[in-house]
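In: Turn this into a model:
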Amino acid sequence: MIHIDGKPADAELLKELSKDSLEKDIINILANSQKIYTYSINELKFELILRKEIIEAAHDLNRSGISFRVFRDSKCNREYWDRMDDGGFAVKSDVSPGEAISDIYKNGSRYGTECATAIVIIYYKALLEVFGKERFDQLFPNIYLMNWHLIDNKLKEVGLTHKETDYLPGDRRYFINPDVDPITPQWQGENVIDMNHGLYYGHGVGIRNAEAMIKILNTKRKKDAVESAYLLDSVGRPNFRNLADIYYREH
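Out: Next up is the predicted model:
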């Protein structure tokens, strides 16, 4: 159920907000839930916009040519990023962070990293599209691409998974592989973006349904494995309300 400014949302208002199928699907999940989701009208509009951009950023990264590599073998375009000893990428002090994120999408073949970093890249790209380069550069001046521990504080909730009543397009989910082969620990699981309609994007495996994701992970198990990979019932998502507050301060 959706409440706008403390009252049940008007059906006509929600219909007006649902301008395309993705927005309509998100609205339907929220409206049909047993949980009460509280928004201002601007907060709901912002969340719909950002979730749509997250999905677009995942599609675009899937087409970018970026390769899957473990941290010890990671690579980046040195014109925009410094590759650090831990395999992460620090944006150079003399370049625009927004341009550095955009370069990953323009010159994907010059980059290689693992799945958690790819998810972080997707969220930064979505925010770049929503805020625009100038504001993005002000908000995220010191980007370090690696994992959840080094993500900007404004996106820290992406790395904090928890159980939710509902799962929405643009959420981060995780397929765990408990019987992973110890020789290939990078396959202990796959961080993914919920792409809607039962599809997920995972760096290195592409856009697939849950069955296909699990099938791939199950080929990476140790000998005599007995437990299948599976999708955790937890989710990580940005703090849309806080990000909306930042957005509307400038608009």
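
In: what about residue 41, how many neighbours?
Out: 12 (other Cβ atoms under 10 Å). Glycine gets a C-beta too; all of them are placed from N, C-alpha and C.

In: Please read the previous query as pertaining to residue 40.
Out: Counted with other Cβ under 10 Å, residue 40 comes out at 15.

In: does it really touch residue 5, like I thought?
Out: Yes: counting by Cβ atoms under 8 Å, residue 5 is a contact partner of residue 40 at 5.9 Å.

In: Mind picking out the helix or strand in this protein with the poorest mean pLDDT?
Out: Every helix and strand in the chain was compared by mean pLDDT, DSSP states H and E; the lowest is helix 11-17, with a mean of 79.

In: on contacts alone, who are the packing partners of that one?
Out: Counting contacts by 3 or more Cβ pairs under 8 Å, 6 or more residues apart in numbering; DSSP states H and E, helix 11-17 packs against helix 21-31, helix 41-63.

In: Make a markdown table out of those helices and add mean pLDDT and distance to residue 211.
Out: Formatted as a markdown table, the helices and strands packed on helix 11-17 follow (pLDDT from 0 to 100; distance: least, Cβ to Cβ, whole Å):
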| stretch | mean pLDDT | distance to residue 211 |
| --- | --- | --- |
| helix 21-31 | 92 | 21 |
| helix 41-63 | 97 | 19 |
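
In: any low-confidence regions in the stretch 151-251 of the chain?
Out: 251 (pLDDT under 70).

In: Nearest residue to residue 169 in space, please, no chain neighbours.
Out: Counting by Cβ to Cβ, 6 or more residues apart in numbering, residue 169 lies nearest to residue 196, which is 4.0 Å off, once chain neighbours are set aside.

In: wait, what's in contact with the one you found?
Out: Applying Cβ atoms under 8 Å, 6 or more residues apart in numbering to residue 196 gives the contacts 22, 25, 55, 169.

In: Does the last one touch residue 194 like I think?
Out: It refers to residue 169. Yes: contact criterion Cβ under 8 Å: residue 169 and residue 194 qualify, at 5.4 Å.

In: now the helices: where do they sit in the stretch 101-250 of the chain?
Out: 115-131, 133-139, 210-218, 240-249 (DSSP state H, counting those that start in this stretch).

In: I'd like these as CSV, with mean neighbour count and distance to residue 226 appended.
Out: Listed next are the helices of the stretch 101-250 of the chain as CSV, based on neighbours: other Cβ atoms under 10 Å; distance: least, Cβ to Cβ, whole Å:
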stretch, mean neighbour count, distance to residue 226
helix 115-131, 24, 25
helix 133-139, 16, 47
helix 210-218, 17, 11
helix 240-249, 16, 40
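
In: Output those in TSV, with distance to residue 60 appended to each entry.
Out: Listed next are the helices of the stretch 101-250 of the chain as TSV, based on distance: least, Cβ to Cβ, whole Å:
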stretch	distance to residue 60
helix 115-131	7
helix 133-139	16
helix 210-218	20
helix 240-249	20
